[in-house]
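Asker: kindly generate the corresponding structure for this input.
(chains A and B)
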Number of protein chains: 2
Amino acid sequence: MLGWDQETYMPREAAELRGNQLAMISGLHHRRQAATEFRDLIGAADDENADAAPDSVVAANLREARRDYELATKVPAALVEEKARTTTLARRAWAEGREANDFARFCPWFEKIIDIARRMADALGYDEHPYDALLDKYEQGATTAQLQQLFAPLRDAHVDLVARIQDSGRPVDASCLRGAFPADQQDAFAREVTKAIGFDYDRGRLDTTVHPFCMGVGPTDVRLTTRYDPSFFGDGLFSALHEAGHGMYEQGVRRDDFGLPSGQSCSLGIHESQSRLWENLVGRSRGFWTHFYGTAQKRFASLSGVSLDDFLRAINEVRPSFIRVDADEVTYNLHVFLRFELELALISGDLAVADLPDAWNEKFEQSFRLRPPNDAKGCLQDIHWSAGLFGYFPTYTLGNVYAAQIYNKARAELGDLEAAFARGEFTPLRSWLNREIHERGRQYLPHRLVEKVTGAVPQPQPLIDQLESKYGAVYGL
Amino acid sequence: MLGWDQETYMPREAAELRGNQLAMISGLHHRRQAATEFRDLIGAADDENADAAPDSVVAANLREARRDYELATKVPAALVEEKARTTTLARRAWAEGREANDFARFCPWFEKIIDIARRMADALGYDEHPYDALLDKYEQGATTAQLQQLFAPLRDAHVDLVARIQDSGRPVDASCLRGAFPADQQDAFAREVTKAIGFDYDRGRLDTTVHPFCMGVGPTDVRLTTRYDPSFFGDGLFSALHEAGHGMYEQGVRRDDFGLPSGQSCSLGIHESQSRLWENLVGRSRGFWTHFYGTAQKRFASLSGVSLDDFLRAINEVRPSFIRVDADEVTYNLHVFLRFELELALISGDLAVADLPDAWNEKFEQSFRLRPPNDAKGCLQDIHWSAGLFGYFPTYTLGNVYAAQIYNKARAELGDLEAAFARGEFTPLRSWLNREIHERGRQYLPHRLVEKVTGAVPQPQPLIDQLESKYGAVYGL
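Answerer: Now for the predicted structure:
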């Protein structure tokens, strides 16, 4: 709640007070999470439930409670504090460095952060690669080796697809998305659409912020945010759809299990699969817009002379660019592969921090056939590294991988989904996701959950097929 | 923050979750407030500061910290729980009773609540009257005897003034306040006005709710609410001014003393003196409207043909009515005297709960020359008693008493305030209140603070003089 308010309605000068409040609440939470009393209670519950089936909800709750306790206690308090102190200062150095386009200002801080990340990995423990320990925090059970195996063919397929798109000679004209799109109309439309797909406004809200996010206070209180550019249609609604995908997950967990792992979301990657599925697989589909395009045209005069075909091509334009957060559905993953490879090299020591800008630019050019003009549009663009987040970026693409696989399965079970969307029917898909994903909470690790739902462990081909099929049509490949 | 959000932006179905969150936070707070460790720390600090002057900030902080500890520990936990349980159910019975206009539904619950209040008074301790113990919670140091002495002449003067107003043969025509007053224009105007008088929007907000309130999260984060009736001008702005008066107090405490008694507001009565001063003594004055009326006329076409004189008479109409929260500046106090007398009789046992409706109606008629048509417009109108709040109502009129006295002193020191308002100058008054009242926090008990600021203990005459002078002019008495 404090975090949500900070991004939405908090008065400007309340920042310091809010920082103190957040620190105090986090401290209270951490002390309980890391209490030996909590460990002993888990131990006692383990004894009482020794004969529970390994896949049962009670066994999963105990397994995950123990994991949470271990994550809270494995890293020495001194290292946690060192990280908090260092990242606070590093964040400032990063912001200044990005502003001044000067990597040198951030470089010494980033060296400290890499060093801290390695010591964190040591404290958390790992079998093969220190990066495994960092990754596991966000995507439990995922390993560097797994990701490398998954991402290598994906990267090749993406580079190849983007090259064929660029060489297709059929560039998309997306100018119809620019024009007069009043913010209040965009907001009304975003509410109408997110409500129609199943986000429950009696248990949630939508507000505007600089950076869209979704925050689940609990299954009866889920808060989305988006932003509206009154001269551009391509961002506000799709951010709202993306966050509503997260939001329906948060609203879809088992309410009676609130506070237990079985009432929580499974992982960052699974979470991202829900947002990407609704944003891209549903929200950029022909079926979806067959239903909504008439309303959109009524709301926005700028779209009145634009055919559904031209509109669909516009919202599915692929265009390599420097900034990850502005990227389209295809090139987005290329941004992630780049960061994953660089993170690995930095953590393992194969790449020195001082050499990061050159390494970034070189690898970027290999994937995008573009060279960043400066570090602000290159290795300084994201806040993540200044905050000490390593292993986080891969979960974005894992979300796309899972989404493609899950969506295939939904289609196999529910029939022609796009025909249903065209009739305004979104409940079958949402209910299926509720049952198959949301209500399972943290009962299975993400890898296993995907297997349980789709019958196969996460793999590259469904995503490749989905992108080939869609963009083959858009660009006549 | 949770309480503010509950009244403003919380999704409808989040109520149960929010109740659990609030209960948990209150519990954490109470356990710290009532910890023997806290008591021992106060004791140790007492020893270290044994030679501090009794009126010094450090001595006051220790005195008030001990008071807070004692308030948190004097009442046995079982009684606190009994009260919480009983009032939760009583509140429902009260709401149903008010809805159905049936006192009998609330009566057995109110008997329990009176019994609990008496046991609370015994636990808290008192010298003369059990009501002293209840009063002291809200207005430290105030006693029943003091209030009786203060209120008796006030009541007579009010009854007399209202009678002369009603018999003046010069009724006010307030119809100009009814008409088209679009909510967005009222909101813009309320922001402009509250900003002009000194509420700092970098350290606060204004939102809309059903019941206006002010909540100080801290001096850098103060949140006001009001409400707008698009067909009536007489409520939204004045509620906003009232809450801004509270808000400027919350913003005006010493920021460096945040969390200490010296950085907190003095009492409910002193708080109310600030809201009433800005709402009534400033916000309904000729000087104030000499400055703002032109803007108001520009915003609201409904006021375009209305002279300043007629507008001033309209916003200062005195009209006896049944409902306290709708009452004007003069009759409001009559509502308070009535409740004070009845509370005393109920707590002392002189009045049986079953006899309350008759007693209410009889006393009401003596003061207002009107008889409530039913209990919903009589003794069931306020939520306070169902929540077990006794000793709270008198602080509203204490606020008016203090405000008149404080305002006189400000005028004596700062010169012709209304002439300053007419020039749009509100900073001298606000700064003076900051220095004389707000920055003193809880250094002095309320009675003593008034004496310190004005040179005299709280007394009835300044309020009587202020009302006589103003309403003498309005009604040509």
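Asker: how far does the helix or strand that contains residue A:43 sit from its chain's centre?
Answerer: Using DSSP states H and E, residue A:43 sits within helix A:36-48. Centroid displacement of helix A:36-48 relative to its chain, using Cα atoms, centre = their mean, to the nearest Å, is 33 Å.
Asker: what about that helix, near chain B?
Answerer: No: interface with chain B: helix A:36-48 contributes nothing (Cβ under 8 Å from any Cβ of the partner chain), its closest point being 15.6 Å away. For glycine as for every other residue, the C-beta is placed from the backbone atoms N, C-alpha and C.
Asker: mind listing what's buried in that helix?
Answerer: Using 16 or more other Cβ atoms under 10 Å in any protein chain shown as the test for burial, helix A:36-48 gives A:38, A:39, A:42, A:45.
Asker: my read is that the second one contacts residue A:69, right?
Answerer: Yes: counting by Cβ atoms under 8 Å, residue A:39 sits close enough to residue A:69 to count as a contact (5.5 Å).
Asker: and the closest residue to residue A:384 other than its chain neighbours, which of the three is it?
Answerer: With Cβ to Cβ, 6 or more residues apart in numbering or on different chains as the criterion, residue A:384 has its nearest non-adjacent residue at 5.8 Å, and that residue is residue A:392. Put simply, residue A:392 is coil when judged by DSSP: H, G, I helix; E, B strand; the rest coil.
Asker: burial check on residue A:392, number of neighbours?
Answerer: 20 (other Cβ atoms under 10 Å in any protein chain shown).
Asker: now do the same for it: its pLDDT.
Answerer: Looking at residue A:392, its pLDDT reads 97.
Asker: and the gap between it and residue A:275?
Answerer: 15 Å (Cβ to Cβ, to the nearest Å).
Asker: how far does the helix or strand residue A:332 falls within sit from its chain's centre?
Answerer: Taking DSSP H and E as the criterion, residue A:332 maps to helix A:331-348. Distance, stretch centre to chain centre, for helix A:331-348: 15 Å (Cα atoms, centre = their mean).
Asker: packing partners of that helix?
Answerer: Helix A:331-348 sits against helix A:103-124, helix A:130-138, helix A:144-166, helix A:356-368, helix A:394-414, with contacts defined as 3 or more Cβ pairs under 8 Å, 6 or more residues apart in numbering or on different chains; DSSP states H and E.
Asker: show me which residues of the stretch 151-300 of chain A sit near chain B.
Answerer: Counting by Cβ under 8 Å from any Cβ, the stretch 151-300 of chain A sits next to chain B at A:200-205, A:207, A:217-218, A:220-222, A:258.
Asker: in ChimeraX, select just the buried ones from these.
Answerer: In ChimeraX, this line selects whichever of those come out buried by 16+ other Cβ under 10 Å:
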select /A:200,203,204,205,207,217,218,220,221,222
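Asker: from the residues of the stretch 151-300 of chain A next to chain B, pick the one nearest chain B.
Answerer: residue A:221 (3.7 Å; Cβ to the nearest Cβ).
Asker: show me what contacts the closest residue to the closest one other than its chain neighbours?
Answerer: Closest residue to residue A:221 apart from its sequence neighbours, by Cβ to Cβ, 6+ apart: residue B:14 at 3.7 Å. Contacts of residue B:14 were listed using Cβ atoms under 8 Å, 6 or more residues apart in numbering or on different chains, and they are A:203, A:217, A:218, A:220, A:221.
Asker: can you put those residues in TSV and add secondary structure and pLDDT?
Answerer: Shown next, in TSV, are the contacts of residue B:14 (DSSP: H, G, I helix; E, B strand; the rest coil; pLDDT from 0 to 100):
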residue	secondary structure	pLDDT
A:203	coil	98
A:217	strand	95
A:218	strand	96
A:220	coil	97
A:221	strand	98
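Asker: these: which two are farthest apart?
Answerer: A:203 and A:217 (10.0 Å; Cβ to Cβ).
Asker: get me the contact residues on the stretch 351-477 of chain A for chain B.
Answerer: Checking the stretch 351-477 of chain A against chain B by Cβ under 8 Å from any Cβ, there are no hits.
Asker: gap between residue A:424 and residue A:249?
Answerer: In this view, residue A:424 and residue A:249 are 22 Å apart by Cβ to Cβ.
Asker: correction: the previous question concerned residue A:257.
Answerer: In terms of Cβ to Cβ, residue A:257 sits 14 Å off from residue A:249.
Asker: of those two, give the one with the bigger neighbour count.
Answerer: residue A:249 (26 against 18).
Asker: now the angle from whichever strand or helix holds that one to helix A:394-414?
Answerer: Assessed by DSSP H and E, residue A:249 sits inside helix A:236-252. Using axes from the mean of the first three to the mean of the last three Cα atoms, to 10 degrees, the direction of helix A:236-252 lies 80 degrees away from that of helix A:394-414.
Asker: for helix A:236-252, packing partners?
Answerer: When contacts are defined as 3+ Cβ pairs under 8 Å, 6+ apart, helix A:236-252 packs onto helix A:183-197, strand A:204-208, strand A:214-218, strand A:221-226, helix A:268-276, helix A:427-436.
Asker: mind doing that once more with 10 Å?
Answerer: helix A:183-197, strand A:204-208, strand A:214-218, strand A:221-226, helix A:268-276, helix A:286-299, helix A:427-436 (3 or more Cβ pairs under 10 Å, 6 or more residues apart in numbering or on different chains; DSSP states H and E).
Asker: about what we covered before: now for the helix holding residue A:43, which elements pack on it?
Answerer: By 3+ Cβ pairs under 10 Å, 6+ apart, helix A:36-48 packs against helix A:57-73.
Asker: how about the CA coordinates for the helix it packs on, as CSV?
Answerer: Extracted in CSV, the C-alpha atoms of helix A:57-73 (Å, rounded to 0.1, in the frame of the first residue of the first chain):
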residue,chain,number,x,y,z
VAL,A,57,-0.7,-28.5,-1.0
VAL,A,58,0.4,-28.9,2.6
ALA,A,59,3.8,-30.3,1.5
ALA,A,60,4.3,-27.5,-0.9
ASN,A,61,3.4,-24.9,1.7
LEU,A,62,6.0,-26.3,4.0
ARG,A,63,8.6,-26.5,1.3
GLU,A,64,8.0,-22.9,0.2
ALA,A,65,7.8,-21.6,3.8
ARG,A,66,11.2,-23.1,4.4
ARG,A,67,12.5,-21.6,1.2
ASP,A,68,11.3,-18.2,2.2
TYR,A,69,12.9,-18.6,5.6
GLU,A,70,16.2,-19.7,4.0
LEU,A,71,16.2,-16.8,1.6
ALA,A,72,15.7,-14.4,4.5
THR,A,73,18.5,-15.9,6.6
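Asker: how close does residue A:236 sit to residue A:151?
Answerer: 31 Å.
Asker: same thing with residue A:281?
Answerer: 20 Å.
Asker: cool, and residue A:195?
Answerer: 36 Å.
Asker: same question for residue A:63.
Answerer: For residue A:63, the distance to residue A:151 - Cβ to Cβ - is 28 Å.
Asker: those two: who's more crowded?
Answerer: With neighbours defined as other Cβ under 10 Å, residue A:63 and residue A:151 compare such that residue A:151 has more, 21 against 16.
Asker: about what we covered before: in a markdown table: the helices and strands packed on helix A:331-348, plus distance to residue B:344.
Answerer: Shown next, in a markdown table, are the helices and strands packed on helix A:331-348 (distance: least, Cβ to Cβ, whole Å):
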| stretch | distance to residue B:344 |
| --- | --- |
| helix A:103-124 | 65 |
| helix A:130-138 | 62 |
| helix A:144-166 | 75 |
| helix A:356-368 | 76 |
| helix A:394-414 | 65 |
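Asker: closest one to residue B:137 among the ones you listed?
Answerer: That would be helix A:130-138 among these, by Cβ to Cβ, at 48.3 Å.
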